[in-house]
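1. Could you look at this predicted model? Sequence included:
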Amino acid sequence: MDYKKIAQLLYPDVTETPEDIFKRYPRRQLKEGQVVTRFAPSPTGLMHIGNFFQAFISYNLAKNSNGILFLRIEDTDEKRKVKEAKAVIYDVLERFGIKFDEYQTLDGKDIGDYGPYVQSQREGIYKVFAKKLVEEGCAFPCFCKKTEGKEDVLKLRETKFYEDDEKEYDPCRDLSYEEVKKHIDNGESFAIRLKTKNTGKERIKFYDLIKGELEAKANAKDFVLVKSDGIPPYAFAHAIDDTLMGTTVAVRGEEYISSTPAHLELFEALGFTPIKYCHNPLICKMDENGNRRKISKRYDPEANMMYYFEKGYPVDSVLEYLLNMINSGFEIWRKNNPDKPWQEFKFGINDITAVAPLFDMVKLNDISKNVIARQSGEELFANWLFWAKEYDAPFAEILEKNKAKFTKVCAMDRDGATKPRKDIYNYSMMKDNFDYIFSRPTSYELDSADTDKANEFLSEYLKTFAMPSSNVEWFEGVKALAEKLGYAIDNKLYKQNPDAYKGNTAKACEFIRVAITGHKNSPSLFTIMQILGEDEVKARLSHKF
RNA sequence: GGCCUCAUGGUCAAGCGGUUAAGACGCCGCCCUCUCACGGCGGAAUCAGGGGUUCGAGUCCCCUUGAGGCUACCA
C-alpha cells in the first residue's frame, strides 16, 4: 500500500512532522506527585453544574498537589457553537474564584507555553498527526456520506442489533491510492478514520483514579479522527492536546468510560504514553418515577451555574456543597474547623465518591445558612448590596442610601451573638425576610380571636411607651404591663391553668410583634424597635386591628 | 440488543473480613425561650434479593434485580 503517497495526496501542504511539533511543546518539568490537569469545556452558552463540578475537582487536584491547572476551550463542534459562550465560561469561573495557571484571554492572548488554549486554533497541529497516522497505515481517508445526528444513530441501532459481527470496519479502510486519488480529483471532502487493529475479540484493562481497575472490550471501530471539515472530534483532539500540553490527569464525566478503550488505542497508534483518567460521577436529580436522571439544563434551573448568582447564594456555599459531594469527609472537617476557609481542606483523588449523587437543594441551603452565619453584619450587608446591584438595582439604591440602618438589620442576632441566626441561605430572600423594615405591614398575622385583646393591650402599652434603652428594660416593662392586664408572666402557672389568664407574656409580645412587623415571628423585638426608631414604632403600635 | 458503571436510612454517606452499622441534612418529640431562628437532649429510619467462600460477610466471588451511561464526522 502506498500510505505515504496517500498521505501526501491528502495533506500536500503539511510539511511539519510530529517531532517538529514536540519541539515546540517540551515536556513539563514536574516534581513528584505534581498533577497537571485541565478544565476543557465546550462553549455551549451556559455553564452546567456537571461541567463546573469537573472544573472544581480539577482545581482541587491541582491545588492539593501544587500542580498546574489550565483551561482549554473545546470548540470543535461548529454546530453547537454559541456566540459569547466563551465569555459565559470565563465569567462563571471568575466569580467562583477558579483561577488557571494557563489559558487564553478573552481577546485571544495565550497565557502559558502550551497554547493555543483554544482547539479551533490548533487545526494545523492535528493535521500533522493525522498525516503521520495515514503515512503509517494507522488511519485512512473516508469518503462516505456523513452520518450525523441522533436520528441516524437510532436507525443505525435498529439495524445493528442483529448483527453478530463484533467489529465495525469502515468500507473505505482499504482504498487504494488510485481510488483515493479519484475521490480527491473529484473534489470530494474526506474524513480521517482510525484503522483499528482490533477484531472485536480483544479485552483491555485500564485504571481509573476513582473507579479503580476497569476492564472492557477493546475498541474495534474505525472511528473518526478528523471530520470532513478538517476539525477533529473529541477523541483525537484530546489525545493530542493532553499529550502536548503535558496533562497528567484528565477529569471527565462518567459517560466517557465507554469510549476510553478507543482513546487508549488512539494513544497507542500515535505512540503516546496514556494519561491517567478520573471519571467523575454525574450529578443527578430524582424524576417523577423516583429514578435518577442526569441533572439537566432543560428541567432543572439549578443545573445552570448562573442560577446561584441570580438567587444570591454565596459562592462559598455552592463550593462547599460541591466539595461535600466530592468527598463527604469535608463535612466532618468542617464541623471540627468551623471557621477555616474550605480551601484548607485537603483530599486525594482516591477519596472522590464513585456514586452519582442526587442534587439536594435542602442540603445546599443548610450549608449556605452556615456560610452566611459566619459573616459579620457588615459583611452580610456588603454581600447583600453587591447582589442587589446586579439583580435588583432599584432596591440596591435603597440599601445604599440607608447603609447604617441596614447594616444594623444584618447584624441582628449575629454580631456578638454566640449562636448566630441561621435562617438566611441566599441574598435574594432577605428582602422578603426583612419586609417590615422597609415599610409598615400591610397585613397582620393575628388570629381573629385575639383582635380585642390585642387592641386593648397595645393602647395601654402605647400610653406609657418610651423607647427602652436595653433589652432587659424593655422586657421588664412589657411584663409589668402584661401582669397588670391579667396576663400570666410565669409560663408554668399559665400552662397549669390557662383559663385564669388573658394569655401569657408570649402572647403579649406577640401583639407587639405583629403590630410592628406584621408577623408572628421575628428576631429580637427590642433590636427591631431600635432600628425603626421611636416615631415609627409608636406609629405602628397605634395600629388598630 | 450489545458493552460498561453503580447499589448502606428519604438524601449525602463512614465502613476496606469480627463495630451496639459513625456522622450530616431532613423528619418527629422534649428542653431552653417574648415568637422565630440558634443551641442542647432524645427518637424513628439503612446494608436491593438469592446463592457461595469463611469459624465469621455490609465488606470477597457468582447470579438475579434495579438505576445510570455509551453504542455520532456531540462533548
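-> Arrived safely. Numbers count the residues shown, from 1 in each chain, chains lettered A, B, ... in the order given.
2. and residue A:106, how far is that from residue A:71?
-> To residue A:71, residue A:106 is 11 Å away according to C-beta to C-beta, to the nearest Å. C-beta: built from backbone N, CA, C; applies to glycine.
3. For these two, work out which one has more neighbours and name it.
-> Between residue A:106 and residue A:71, residue A:71 has the larger neighbour count (other C-beta atoms under 10 Å), namely 24 against 11.
4. How about the contacts made by that one?
-> With contact taken as C-beta atoms under 8 Å, 6 or more residues apart in numbering, residue A:71 is in contact with A:38, A:39, A:40, A:93, A:100, A:102, A:103, A:104, A:117.
5. pLDDT of stretch A:106-114, averaged?
-> For stretch A:106-114, mean pLDDT rounds to 94.
6. Equivalent analysis for stretch A:9-22, please.
-> Here stretch A:9-22 scores 95 as its mean pLDDT.
7. That one vs RNA strand B: in contact?
-> No. On the criterion C-beta under 7 Å from any atom of the strand, stretch A:9-22 is out of touch with RNA strand B, staying 13.5 Å away.
8. what's the first-to-last distance across that stretch?
-> 24 Å (C-alpha to C-alpha, to the nearest Å).
9. now do stretch A:93-108
-> 17 Å.
10. in it, what's buried?
-> A:93, A:96, A:98, A:100, A:102, A:103, A:104 (16 or more other C-beta atoms under 10 Å).
11. Looking at those residues, spot the one nearest residue A:342.
-> residue A:96 (12.0 Å; C-beta to C-beta).
12. for RNA strand B, what are the nearby residues on the stretch 151-300 of chain A?
-> Checking the stretch 151-300 of chain A against RNA strand B by C-beta under 7 Å from any atom of the strand, the hits are A:152-153, A:156-157, A:160-161, A:191, A:211-212, A:214-217, A:223-224, A:227-229, A:233-234, A:253-259, A:282, A:284, A:286-287, A:291-294.
13. Which members of the residues you listed are classed as buried?
-> Among these, those buried by neighbour count (16+ other C-beta under 10 Å) are A:191, A:211, A:223-224, A:227-228, A:233-234, A:253-254, A:256-257, A:259, A:282, A:284, A:294.
14. Where does the prediction get shaky in the stretch 151-300 of chain A?
-> Across the stretch 151-300 of chain A, the ranges flagged by pLDDT under 70 are A:151-165.
15. how near is residue A:392 to RNA strand B?
-> According to C-beta to the nearest atom of the strand, to the nearest Å, residue A:392 and RNA strand B sit 24 Å apart.
16. my read: that residue touches residue A:431, true?
-> Yes. Assessed by C-beta atoms under 8 Å, residue A:392 is found in contact with residue A:431 at 7.4 Å.
17. hmm, back to that, so for residue A:106 and residue A:71, which residues contact both of them?
-> By C-beta under 8 Å, 6+ apart, no residue touches both residue A:106 and residue A:71.
18. Among the contacts of residue A:71, which ones are in helices?
-> Counting by DSSP state H, the contacts of residue A:71 place residue A:93 in helices.
19. Show me the subset of the contacts of residue A:71 that also lies near RNA strand B.
-> Contacts with RNA strand B are made by residue A:40 out of the contacts of residue A:71, judged by C-beta under 7 Å from any atom of the strand.
20. Return the member of the contacts of residue A:71 nearest to RNA strand B.
-> Closest approach between those and RNA strand B, by C-beta to the nearest atom of the strand: residue A:40, at 6.1 Å.
21. who are the neighbours in contact with the residue nearest to that closest one when sequence neighbours are not counted?
-> Of all residues not flanking residue A:40 in the chain, residue A:72 sits nearest, at 4.5 Å (C-beta to C-beta, 6 or more residues apart in numbering). By C-beta under 8 Å, 6+ apart, the contact set of residue A:72 is A:38, A:39, A:40, A:117, A:118, A:119, A:241, A:245.
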